[in-house]
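> whatever this is, show me its structure:
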Amino acid sequence: MKAVRLPALIPPSMLFIAKRGLVLRATALLPFAVIAGRAQSAATLPTDTQIVTRVGEYMTRLESLGYTGGVLVVRDGKIVMTHSYGVANRAAGMRADTSTVYNLGSITKQFTAAAILRLEEMGKLRTTDSIGRFFPDAPADKRGITLHQLLTHTAGFNSDYSPTDYEPTTRAEYVRRMFAAPLGSKPGSTHFYANSGYSLLAAIVELVTGRDYEVALRDLVLRPAGMFETGYKAPKWDARRIAHGYQDGRDWGTIVDRIAMDGAPYWELRGNGGLHTTLGDMARWDAALANRSVLTDSSRTKFMTGYVNEGPDGLSKYAYGWAVMKTSRGTRLVTHNGGNGVYVAEFLRFLDDRVTIFVTSTVSELTATTAVRVVSRIVFGQPYELPPARVAAAPAAVAAAAGTYLLADGSRLLLRADDGRLMAEAVGQQAYALLATGDTTSAPEAVTLNARSRAIAEAVMNGDVTLLRTALGPGGPDSAEVASQEAGLREGRLERFGAFRSVEVLGTVRGPEGGLQTTVRVNFVRGGATNIYTWDRGGRIMDIGARPFAAVELLSSGNGEFRSFDARGGGGARFSFAAGKATALTPHGPVTLVRP
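Numbers count the residues shown, from 1 in each chain. Sure thing, here's the model as predicted:
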């Protein structure tokens, strides 16, 4: 799986792709950033003690629902809290704690960028240098690409040049592939998120220093910052400290195990993702970013200045391994995230507020991207919702509720008992809207978007991306790039789930980040996966997400009532099962659920 931040093509937090997962892009964080940045007087901000209590309560509730990960909050240069939750290794019964080692994903990129800036300070290179200085054999169309363009994802390279993060590739072979392939855009003309650009920067670090990337990074950046627990393999962590990833209840293992062989990490990962760290080391990194221990004042300004728009709205700009944006009151936020569809990490620095928040997660269904929004709201004194407390459900109540229910439009709500839990699936518009939002009311565009999404998904599974490319509209990646990404996703799913069988449209609802989201289930012989298309008002696809299909757990509230919980902030569905009658409790009144 690939650790990345989002290109414009495939963003949200629900990305769980078989070969590579993509995490929320910067512009998708903007609504949250604006909320967190609303003007607050010092008198209304919570005290450090209140932050610890409220964040602890929220995270403990998430932990009871299966969350594993860590939280670091720094305010005014002081660590307010550092705590881990959940189980780092279920098989070994190892709980996560402050010494647990977490994956950084694409937050790795800012460390590579810092190494480049350190080398610039030492007079070894300049960000205005062209790659032809380091690769004399670079072809003519690529020779003039600058380090600045690599750092800001404007070089024109495709995102990846290897099918997996773990394909054994040498530096020479990876660079050869990059130079042999056509550019997706003219250098300097377009921002397109490319992991490969940071791999090329890592190669330049090696060529300039004459050392392995990890060794050079240690000497240039990590040691000056006091970060002795960060790296790929050099820290030699005890295996019991490394958090395992979990997806669909299965132990995914660790990236550290996948790069244990000599020569790894290979070049699809090196320099752009996959570094590991601890909460303590990230506190040290935050401190180093506020002083001259690693970079000079001028280099740090260069490091965190936004140069190019990440999206057409221009609300977020990309710096050197950072996304830069303004909160609604005009204060600065620099941030980056990373993940591979299992691990997720979120790093936010509210510069003018002197607040830093770092959140990690290791369970694909409950991610740091969702948690960091609430943690930030707590820190800035904004209202937030606690996850429901888990109440044990009587086995008889679960068994009585299980079954198939029909709604007025013929859509189906499927409830089943699973090891004492009540699990729900929905197929069709009203049932899906009910389960996703707690209401059967749908947007008038739902019927049209459902039909378009079905046609797109079926065409893609048959190798045709024409409808998808049309729906993305002008300004998106070209057809070859779309086809390449979709082919990789399709192949990974076929390998994991077996032969393709059918497409089912689950439904369309309002997304947590705005726009309408249509979820399509793609069925295979050994299971299913979902595509999530986010549409703007003009009927254009803004974002694409993908994840394995998973049922929703309905949590018992006691007295025969059950409810869903959406950690991303969507409305929860509420159901009552009493006297043999099943009812959905919606904002517009009760809706009777009928067994066929």
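
> residues making contact with the longest strand anywhere in the chain?
Longest strand of the chain, by residue count under DSSP state E: strand 500-510. Here strand 500-510 makes contact (C-beta atoms under 8 Å, 6 or more residues apart in numbering) with 411, 426-433, 436-437, 442-443, 445-446, 449-451, 453-454, 457-458, 461, 494, 516-525, 530, 570. (Glycine included, C-beta is placed from N, CA and C.)

> show me which positions of that strand end up buried.
F500, V503, E504, V505, L506, G507, T508, V509, R510 (16 or more other C-beta atoms under 10 Å).

> what pairs with that strand, parallel or antiparallel?
If you go by DSSP bridges, strand 500-510 pairs up with strand 516-524 (antiparallel).

> from A392, how far out is the closest residue to G507 other than its chain neighbours?
In space, and not counting its chain neighbours, G507 is closest to Y432: 2.8 Å by C-beta to C-beta, 6 or more residues apart in numbering. Counting by C-beta to C-beta, to the nearest Å, the gap from Y432 to A392 is 28 Å.

> the more surrounded of the two?
Y432 (27 against 8; other C-beta atoms under 10 Å).

> helices or strands up against the one helix or strand the more buried one maps to?
Per DSSP states H and E, Y432 falls inside helix 429-437. Here helix 429-437 touches strand 412-418, strand 421-427, helix 446-461, strand 500-510, going by 3 or more C-beta pairs under 8 Å, 6 or more residues apart in numbering; DSSP states H and E.

> hang on, A487 in a helix?
Yes: the assignment for A487 by DSSP: H, G, I helix; E, B strand; the rest coil puts it in a helix.

> give the contact list for it.
G463.

> buried subset of the contacts of strand 500-510 as a PyMOL selection?
Only the buried entries of the contacts of strand 500-510 go into this PyMOL selection, using 16+ other C-beta under 10 Å:
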select buried, resi 411+426+427+428+429+430+431+432+433+436+437+442+446+449+450+453+457+458+461+516+517+518+519+520+521+522+524+530+570
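
> picking that back up, any idea which of the buried residues of strand 500-510 is closest to Y246?
L506 (23.7 Å; C-beta to C-beta).

> okay, the closest one: pLDDT?
Note on L506: pLDDT of 92.

> ditto for L22
37.

> begin at 44 from here
Sure, I'll start counting at 44 from here, so that last one is L65.

> pLDDT at the residue nearest to G550, what is it?
92.

> how near is E547 to L450?
16 Å.

> over to G306?
Taking C-beta to C-beta, one finds G306 at 56 Å from L450.

> and those two? Which one has more around it.
L450 (22 against 12).

> how's this protein carved up into domains?
69-150+271-422, 155-252, 439-595 (automatic domain parsing).

> spatially nearest residue to E604 (excluding sequence neighbours)?
Using C-beta to C-beta, 6+ apart, the closest residue to E604 is S619 (5.2 Å).

> no, scratch that, I was asking about M270
D324 (4.4 Å).

> run through who's touching the helix or strand harbouring the one you found.
Secondary structure assignment for D324, by DSSP H and E: helix 322-331. Residues from elsewhere that reach helix 322-331, judged by C-beta under 8 Å, 6+ apart: 113-115, 117, 120, 122, 125-127, 141-143, 145, 267-273, 320, 336-337, 390, 392, 399, 401, 403.

> quick one: residues contacting K152.
R48, Y241, G314, N315, G316, G364, H379.

> OK, contacts around the closest residue in space to it that isn't next to it in sequence?
Nearest in space to K152, with sequence neighbours left out and distances taken as C-beta to C-beta, 6+ apart, is G364 at 3.9 Å. Shown in contact with G364 (C-beta under 8 Å, 6+ apart): I150, K152, Q153, F154, T155, A156, A157, L194, Y241, F346, H379.

> pretty sure G364 is in a strand, no?
No: the assignment for G364, made by three-state DSSP, is coil rather than a strand.

> returning to what we had before: which of the contacts of helix 322-331 are buried, as a ChimeraX select command?
Selecting the buried subset of the contacts of helix 322-331 in ChimeraX, with 16+ other C-beta under 10 Å as the burial test, is done by:
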select :113,114,115,117,122,125,126,127,143,145,267,268,269,270,272,273,320,337,390,392,399,401,403
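
> just the ones of the contacts of helix 322-331 in helices?
P267, A268 (DSSP state H).

> quick check: which element contains R161?
Per DSSP H and E: helix 151-164 holds R161.
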